[in-house]
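Chemist: sequence and computational prediction follow.
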Amino acid sequence: MRAQESCNGAFLSYTFMERTKEYPHLKNATAQPYVTLMYSASQFRSGDEEFKKLVGRANRRLHWEELLHFKRAGFRTFDFGGWYAGSTDTARLAINRFKEEFGGAKVLEFSSTENRSLLAKTAAAVHRLRAGAARSLR
């Protein structure tokens, strides 16, 4: 984790398993006075229980090392991003439990984007259409 010492922007880290890099974690360390987890991956939906346990331990360790790094760098808030407030989606509840294992507190926060240019407005409209189409296919 030495490369992260000089990071002043987006920080991308991986867990390595059997000489292949897997499970990217992307952190944005410059856009605000706290660190935000942007992407994370796991295998908790995999059918192989032993592999799930191995990946889960590696994923937790990677997050823990990242937390320690950013704490040493002076950040006092690590935002795991998002919280499922419902009670029926078991996959999202499992993600909530994973986040809870690190301690901390839930914080209600709002975020918005204003699309001013024609290009930004068009891209946002296409994104909404694609998201709606994906939901209707489920």
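Modeler: The structure has been received and is ready for your questions.

Chemist: so the closest residue to W64 other than its chain neighbours versus A94, what's the distance?
Modeler: Spatial nearest neighbour of W64, excluding adjacent residues (Cβ to Cβ, 6 or more residues apart in numbering): F102 at 7.7 Å. (Glycine included, C-beta is placed from N, CA and C.) Between F102 and A94 the computed distance is 14 Å (Cβ to Cβ, to the nearest Å).

Chemist: try A133
Modeler: 27 Å.

Chemist: just want to know which of the two has more residues nearby.
Modeler: A94 (14 against 9; other Cβ atoms under 10 Å).

Chemist: now do the SS call for the more buried one.
Modeler: helix (DSSP: H, G, I helix; E, B strand; the rest coil).

Chemist: now do it against T77, distance only.
Modeler: Shown here: A94 relative to T77, a distance of 24 Å by Cβ to Cβ.

Chemist: with just CA atoms, put the lengthiest helix in the chain into CSV.
Modeler: Assignment by DSSP state H gives helix 49-72 as the longest helix of the chain. Output of helix 49-72 as CSV, limited to C-alpha atoms (Å, rounded to 0.1, in the frame of the first residue of the first chain):
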residue,chain,number,x,y,z
GLU,A,49,-19.2,-21.0,0.6
GLU,A,50,-15.5,-21.4,1.2
PHE,A,51,-14.7,-19.0,-1.6
LYS,A,52,-17.2,-16.5,-0.3
LYS,A,53,-15.5,-16.7,3.1
LEU,A,54,-12.1,-16.2,1.6
VAL,A,55,-13.2,-13.2,-0.5
GLY,A,56,-15.1,-11.7,2.5
ARG,A,57,-12.0,-11.8,4.7
ALA,A,58,-9.8,-10.3,1.9
ASN,A,59,-12.4,-7.6,1.2
ARG,A,60,-12.7,-6.7,4.9
ARG,A,61,-8.9,-6.5,5.3
LEU,A,62,-8.6,-4.3,2.2
HIS,A,63,-11.2,-1.9,3.6
TRP,A,64,-9.5,-1.9,7.0
GLU,A,65,-6.1,-1.1,5.5
GLU,A,66,-7.8,1.7,3.5
LEU,A,67,-9.4,3.1,6.7
LEU,A,68,-6.1,3.1,8.4
HIS,A,69,-4.3,4.8,5.5
PHE,A,70,-6.9,7.6,5.2
LYS,A,71,-6.9,8.1,9.0
ARG,A,72,-3.1,8.5,8.9
